[in-house]
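J.: below: sequence and its predicted model.
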Amino acid sequence: MSKIKVLLTDDHTLFRQGIRTLLALEADMETVGEAGDAMAAVALAQQLRPDVVLMDIGMAGMSSFEATRLIRKERPEVKVIFLSMYDDEDYLAECVDIGGSGYILKDSPAEQLITAIREVHRGGTYLSPRLLTRLVDDFRMQGRGGPTRAPRFGTLTKRELEVLKMLAEGRSVKEIAGSFELSVKTVEAHKFNLMRKLDSHNKAQLVQY
């Protein structure tokens, strides 16, 4: 039988090697390539024609969402599963908007990723159970007259407001990361979230806001 061809995209080499080793244990899967950033993923998706792309969220350079748009524009048959550290409903909404087929939290057990790959290859969708539970709970809250979810571009978390304020003060991502004892990658993810929520396309527009 033909194997499910998987393209791995993540900026951490050890993480990619771990996933590659994991997939090698499955008789019906093979890793056809690895990309360290979203732009490389777009090029490799054209060249290698994978069935499924595992796409990390929050890499430097081109956004994972933009890369997914480009991949699916050229090859609509390719399924994309997002890998994320964040159980963030805005990320999930964006994933759905651009035709993503799955959203897996990076702290999920390995068997959930394997299940997700098989499920999306069959034409289904897959969400990490923890995220699914949260969405169901939110839905129940709304049904009971609880607080409804605000529009995507309207709500900022406390941390996002702090990051926005520091960006407006001219602080660099590295300086902000140091102030909050966060990784640069985490601050970049907050900045990306801010740009999307506030419909800004660069740092200057964020500062202006």
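T.: Looks like it arrived, so ask away.

J.: my guess is Ala24 meets Thr31, correct?
T.: Yes. Using C-beta atoms under 8 Å, Ala24 is in contact with Thr31, at 7.2 Å. Bear in mind the C-beta positions are built from the backbone N, C-alpha and C, glycine included.

J.: where does pLDDT dip in this protein?
T.: Applying pLDDT under 70 to the chain picks out residues 134-155, 199-209.

J.: now the helices: where do they sit in it?
T.: Counting by DSSP state H, the chain has helices at residues 13-24, 38-48, 64-74, 89-97, 110-121, 129-143, 158-168, 173-180, 184-197, 203-208.

J.: Ile57 is nearest to which of those?
T.: helix 64-74 (5.0 Å; C-beta to C-beta).

J.: more neighbours: Ala24 and Thr31, which one.
T.: Remark: of Ala24 and Thr31, Thr31 carries more neighbours, 19 against 11, as counted by other C-beta atoms under 10 Å.

J.: who does that one bridge with?
T.: On the basis of DSSP bridges, Thr31 takes part in beta bridges with Val6.

J.: so it touches Leu23, yeah?
T.: Yes. Between Thr31 and Leu23 there is a contact at 5.3 Å, judged by C-beta under 8 Å.

J.: overlap in contacts of the two?
T.: Val6 (C-beta atoms under 8 Å, 6 or more residues apart in numbering).

J.: how about the residue most central in space within the chain, nearest residue that isn't a chain neighbour?
T.: Centroid-nearest residue in the chain, with C-alpha atoms, centre = their mean: Ile57, separated by 3.1 Å. Nearest residue to Ile57, sequence neighbours excluded (C-beta to C-beta, 6 or more residues apart in numbering): Ser84, at 4.3 Å.
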